[in-house]
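Student: Here is my input; please provide its structure:
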Amino acid sequence: CPNSTSWHRQVSRESVMSDPQPSRPELPIIPALVVSSLLGGLIALGLSSAWRLAFPGPLNPRPEVAGSGVALPPAAPAEFIEFLPPLTPQEQRIEEALEKLAECEFTDTPLIDLVAYLAERASIKMVIDVEALMEEGISTDTPVTRRLDDVRLRSLLSLILERLQLTAVPRHEVLMVTTRSRANEYAFVRTYPVSDLCRSPVFQGFDFQSLIRLIEEETSGPWMSRDGVGGTITEVPANGSITVNHRYIVHREILQLLRNLRGAQSTNLLAVGKEALKKWDEQRAIAAASRLKPTAAPAAFVEVIGTTEGDAERRIEKALDKSVTINFRKTSLTDIADFFSKELSINVLLDQESLVEEGIASDTHVTLQLQPITARSALEVLLRPLGLDHVIVNEVLLILSTAHESRRLISCTYPVSDLIGPNANFAPLIEMLENSAGGQWIERDGEGGIMTEFPPAGSLVVRQTSNVHRQVLTLLRQQREAQQMAPARSGKSVPSRR
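Tutor: Numbers count the residues shown, from 1 in each chain. Sure thing, here's the model as predicted:
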C-alpha cells in the first residue's frame, strides 16, 4: 500500500505533466495572393463571430424564412443544466462512484490502508491531506473499526470519517480526505439557472429574493448576509441565475433543495390558476357535504420531497414497524445495537461521539423485557430513559444522545397548495405546525428549526430534526383528512406573516 506522500507526488506529477507537442508539419509554398485572400476571409469571419458574441440576438428568436413570414419547426429544447461550470469527466466519475453501493468490514485498520482499499474498490483517486491532519494531531495510522452493508460510498465515508473529525471532498479531480476545518476553506463558485423557480405568482416578473432567503435559511451555511461570515449568493436577473460562492457540502445542499422545489412545482395547485383552484375547492366542499367521493385535484400530488437516502430510508422505516420480542438482561448498548441490526436486517450503529459528550458508555447495561412490540416503540421505551434517541441518517439507524439529535437538522419540502387555498395564505398552516409539532423553532423560541414558505412551488420547506419531521407529516395528513369534511373556504385573503 503506497503511503500518502507518494500519492501526493503522483497527483502532482499528473497535474503538471502533459503530452509532448507533435512536430509541426512544414507548410507548402502558396502564392502570396492566395494566402492574403485566405487570411482576409478568416479575419472577416472572426469579426462576424465577435460581433455576434458582443451583440447577440434574442435568446429565442422566431424561426422563420427570411422575407417569407413562414415559421420553421421550432428547434429542440436545450437540455436543462442544473449548474455551471459542468463537472469535468473525472469529477463526474467521482460523483458517480460516491453514489454506488459499497460495503466494508474493518477491524483496527489504519486510516491510510482504509482509504487505499476504498479507492481501489471504487476505481477513483483518493488522497489524504497529510498536512491538515498533522495540524490537528490526527495520524494517518489511526485505527478504524466499522462494519457496513449496502450503503452508498458517500454515506460509508461520512460514517467512518465523522468520528475522526474528518471529511471527504472532491478537489483537483481527486477525492481528498481532510479535516473539517480545512474543508471549510475550500470554497468555490457555481452558477445555478433558476428562472423556472423565480416566477412570482403575485406579480409579473421574477422574484429572486424569496429563493435566496429560502436557500440561506434552509441550508447549513453560514452566509455572509445573515451571519456576517461564510458564503455569498448573488442574483443575476439578466440570465435568470444565481451565483453562489460556498463550500462543497453547501453546494450539495443547494442542489438537493433546488431539485426538491422543482419536484414540488409539478404538484403546485396554485399553478393551475386561481379560478380553477377555487372551482375545485367548491366541488370538494360539495362532495364533502354530500359524503361523496372527493373530487380529484387538478394536479398530481405527493406528501413530502427531500429524503436523500431514498430506498434505504424507506427500507429502514418499514423495518421499524416489524414486531420484536425484547428480553435483555444486563445487555450492553453495543449488543443492543447488534440485536436490532440482526432482527431487522438493517445497519444499526452507536454514535460514540454523542454518547461520550453526554457521559454515556457504550457498555452501559440495560435490563428490559417486552412482549411482541414494534421495533420503533421498543426503541422509544428502551432509549428515552437513558437520554438517547434514534434517527435515520446516512442510510443507517443511528442511536445517539437526545441533545445531539436536537442539533441534527435536515430539510424537507412539503407541497401544501391543497391546504392553503387559492389565496396562497400560508400563515395559519405555519402557525399550527409550529405550535403542534413540538421541537424548537427560531420564529418562536429564538433557536431550533425553521419553516419557510415558497409560493412558486406551493410548498413549505422545513429544516428540523427527524422526529419533528415525522410529526409535521402526521399533522399534514390529519389536515387533509379534516379537509374532506370542511366547507368551502371563504376566499378572504389573510396577509402572510413572512
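Student: shaky segments in the stretch 1-150 of the chain?
Tutor: 1-78 (pLDDT under 70).
Student: give me that answer again for 90
Tutor: 1-80, 150 (pLDDT under 90).
Student: now the helices for the stretch 351-498 of the chain?
Tutor: In the stretch 351-498 of the chain, the segments counted as helices under DSSP state H, counting those that start in this stretch are 352-357, 375-383, 402-405, 417-420, 427-436, 442-445, 466-483.
Student: Rebuild these as CSV, extending it with mean neighbour count.
Tutor: All C-beta spots, glycine's among them, are computed from the backbone N, C-alpha and C. Formatted as CSV, the helices of the stretch 351-498 of the chain follow (neighbours: other Cβ atoms under 10 Å):
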stretch, mean neighbour count
helix 352-357, 16
helix 375-383, 18
helix 402-405, 17
helix 417-420, 23
helix 427-436, 16
helix 442-445, 13
helix 466-483, 16
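Student: The residue nearest to the spatial centre of the chain is in what secondary structure piece?
Tutor: Residue closest to the mean C-alpha point of the chain, counted by Cα atoms, centre = their mean, is Q256 at 3.3 Å. Secondary-structure assignment from DSSP states H and E places Q256 in helix 248-265.
Student: circling back: figure out which of the helices of the stretch 351-498 of the chain is closest to T179.
Tutor: T179 lies closest to helix 352-357 among the helices of the stretch 351-498 of the chain, at 15.2 Å (Cβ to Cβ).
Student: So which elements touch that closest one?
Tutor: Packing partners of helix 352-357 (3 or more Cβ pairs under 8 Å, 6 or more residues apart in numbering; DSSP states H and E): strand 396-401, helix 402-405.
Student: Apply 10 Å and report the result again.
Tutor: In terms of contacts (3 or more Cβ pairs under 10 Å, 6 or more residues apart in numbering; DSSP states H and E), helix 352-357 is packed against strand 388-393, strand 396-401, helix 402-405.
Student: Can you give me the distance of the residue nearest to the centre of the chain to L161?
Tutor: Relative to L161, Q256 is positioned 20 Å away (criterion: Cβ to Cβ, to the nearest Å).
Student: do the same with E253
Tutor: On the measure of Cβ to Cβ, E253 and L161 end up 18 Å apart.
Student: Likewise for V244?
Tutor: 25 Å.
Student: These two: which has the busier surroundings?
Tutor: More crowded of V244 and L161, by other Cβ atoms under 10 Å: V244, with 23 against 20.
Student: can you pull the contacts of that one?
Tutor: Applying Cβ atoms under 10 Å, 6 or more residues apart in numbering to V244 gives the contacts 83, 187-192, 212, 215, 219, 223, 231-234, 250-251, 254.
Student: Could you pick out the buried ones from those residues?
Tutor: 83, 187, 190-192, 212, 215, 219, 223, 231, 233, 250-251, 254 (16 or more other Cβ atoms under 10 Å).
Student: want to throw the residues you listed into a markdown table with secondary structure?
Tutor: Listed next are the buried ones among the contacts of V244 as a markdown table, based on DSSP: H, G, I helix; E, B strand; the rest coil:
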| residue | secondary structure |
| --- | --- |
| F83 | coil |
| A187 | strand |
| R190 | strand |
| T191 | strand |
| Y192 | strand |
| I212 | helix |
| I215 | helix |
| T219 | coil |
| W223 | strand |
| G231 | strand |
| I233 | strand |
| V250 | helix |
| H251 | helix |
| I254 | helix |
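Student: In CSV, list the residues you listed along with distance to G137.
Tutor: Shown next, in CSV, are the buried ones among the contacts of V244 (distance: Cβ to Cβ, whole Å):
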residue, distance to G137
F83, 37
A187, 25
R190, 33
T191, 39
Y192, 38
I212, 39
I215, 35
T219, 30
W223, 31
G231, 28
I233, 36
V250, 27
H251, 29
I254, 33
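Student: Which single one of these is nearest to N239?
Tutor: Closest to N239, out of all of those and judged by Cβ to Cβ, is T191, at 8.5 Å.
Student: Pretty sure the closest one sits against L84.
Tutor: Yes: T191 is within contact range of L84, at 4.5 Å (criterion: Cβ atoms under 10 Å).
Student: hey, what's in contact with both of these two?
Tutor: Common contact partners of T191 and L84 (Cβ under 10 Å, 6+ apart): S241, T243.
Student: residues in contact with the residue nearest to the centre of the chain?
Tutor: T219, I305, G306, T308, S411, T413.
Student: cool, and D335?
Tutor: Going by Cβ under 10 Å, 6+ apart, D335 touches F328, S362, D363, H365, V366.
Student: Which of these fall within strands?
Tutor: Using DSSP state E, the subset of the contacts of D335 located in strands is F328, H365, V366.
Student: Could you find the closest non-adjacent residue to the second one?
Tutor: Put plainly, it is H365. K330 (4.3 Å; Cβ to Cβ, 6 or more residues apart in numbering).
Student: Which other helices and strands does the helix or strand where the one you found lies contact?
Tutor: K330 belongs to strand 323-332 when assigned by DSSP H and E. Contact partners of strand 323-332 among helices and strands, from 3+ Cβ pairs under 10 Å, 6+ apart: helix 333-344, strand 365-374, helix 375-383.
Student: That one pairs with which strands?
Tutor: Next to strand 323-332 in the sheet, as set by DSSP bridges, lie strand 365-374 (antiparallel).
Student: how about the partner strand: buried residues?
Tutor: So, applying 16+ other Cβ under 10 Å, buried residues of strand 365-374: V366.
Student: now the angle from it to helix 333-344?
Tutor: If you take axes from the mean of the first three to the mean of the last three Cα atoms, to 10 degrees, strand 365-374 sits at 20 degrees to helix 333-344.
Student: got a list of contacts for strand 365-374?
Tutor: 320-333, 335-336, 377-383, 385-386.
Student: ok now stretch 388-407, how far from the chain's centre?
Tutor: Remark: stretch 388-407 is offset 18 Å from the chain centroid, using Cα atoms, centre = their mean, to the nearest Å.
Student: Extract the C-alpha set from that stretch and format it as PDB.
Tutor: Only the C-alpha atoms of stretch 388-407 are listed here, as PDB (Å, rounded to 0.1, in the frame of the first residue of the first chain):
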ATOM      1  CA  LEU A 388     -30.900   8.600  23.900                       C
ATOM      2  CA  ASP A 389     -32.800   8.600  20.700                       C
ATOM      3  CA  HIS A 390     -32.600   7.100  17.200                       C
ATOM      4  CA  VAL A 391     -32.600   8.700  13.800                       C
ATOM      5  CA  ILE A 392     -32.100   7.500  10.200                       C
ATOM      6  CA  VAL A 393     -29.000   9.200   8.700                       C
ATOM      7  CA  ASN A 394     -26.600   8.200   6.000                       C
ATOM      8  CA  GLU A 395     -28.700   5.100   5.300                       C
ATOM      9  CA  VAL A 396     -28.300   3.600   8.800                       C
ATOM     10  CA  LEU A 397     -30.300   3.700  12.000                       C
ATOM     11  CA  LEU A 398     -28.200   5.700  14.400                       C
ATOM     12  CA  ILE A 399     -28.500   5.600  18.200                       C
ATOM     13  CA  LEU A 400     -27.400   8.900  19.700                       C
ATOM     14  CA  SER A 401     -27.900  11.300  22.600                       C
ATOM     15  CA  THR A 402     -31.200  13.300  22.700                       C
ATOM     16  CA  ALA A 403     -29.100  16.500  22.900                       C
ATOM     17  CA  HIS A 404     -27.200  15.600  19.800                       C
ATOM     18  CA  GLU A 405     -30.300  14.600  17.900                       C
ATOM     19  CA  SER A 406     -31.800  18.100  18.500                       C
ATOM     20  CA  ARG A 407     -28.800  19.600  16.700                       C
END
